[in-house]
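Undergrad: here are the coordinates; sequence isn't available:
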């Protein structure tokens, strides 16, 4: 597993409530094969925070990654206190979408998705970002360092047992 030496990854406890809620939901949905939390649990938690309408957008984002990604993303389990660089990048894209900076969000998604996949991701990302913002869950604009392009290209092969899910 790669660990950047130039910029330390954020820990989940250091995130704001909006970021923690999004990351928990993203992780839980991405690991849909596990028994806990269930889809109903995720919906209930998102409903509690008045962002239940964002769940279909969250599912769409994950489906776009599953169907079009050219590079694996590292997604930790919902209870892991550590953030992967991939998860930090996804937060950066959502925060940019909340501020209507689609160019920044699209650029971030192009780290993992082909241009058409990045375009497809923008609609559900905008929807999710808007729903969170309307509920008062605003994500800060963090300048998180992402993988350099050489490393991204080196990760194109997805080996069994790779550290993409943890």
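TA: Good, I have the coordinates. The structure presented is a predicted model; accordingly, all values stated were derived computationally and were not measured.
Undergrad: packing partners for the helix or strand residue 27 falls within?
TA: For residue 27, the element it lies in under DSSP states H and E is helix 17-30. Applying 3 or more CB pairs under 8 Å, 6 or more residues apart in numbering; DSSP states H and E, we find helix 17-30 packed against helix 39-48, helix 55-68, helix 85-98, helix 115-134. C-beta here means a position set from N, CA and C on the backbone, and glycine is covered the same way.
Undergrad: now those in TSV, with distance to residue 16, mean pLDDT and mean neighbour count?
TA: TSV is the format used below for those (distance: least, CB to CB, whole Å; pLDDT from 0 to 100; neighbours: other CB atoms under 10 Å):
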stretch	distance to residue 16	mean pLDDT	mean neighbour count
helix 39-48	16	94	14
helix 55-68	18	95	18
helix 85-98	10	95	23
helix 115-134	11	96	19
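Undergrad: Compare the ones you listed and report which one is nearest to residue 78.
TA: The closest of the helices and strands packed on helix 17-30 to residue 78 is helix 39-48. By CB to CB, the value is 9.3 Å.
Undergrad: The closest one to helix 55-68, inter-axis angle?
TA: 130 degrees (axes from the mean of the first three to the mean of the last three CA atoms, to 10 degrees).
Undergrad: before we move on, the earlier item: who wins for proximity to residue 15 among the helices and strands packed on helix 17-30?
TA: Taking CB to CB, helix 85-98 is the member of those nearest to residue 15, at 7.7 Å.
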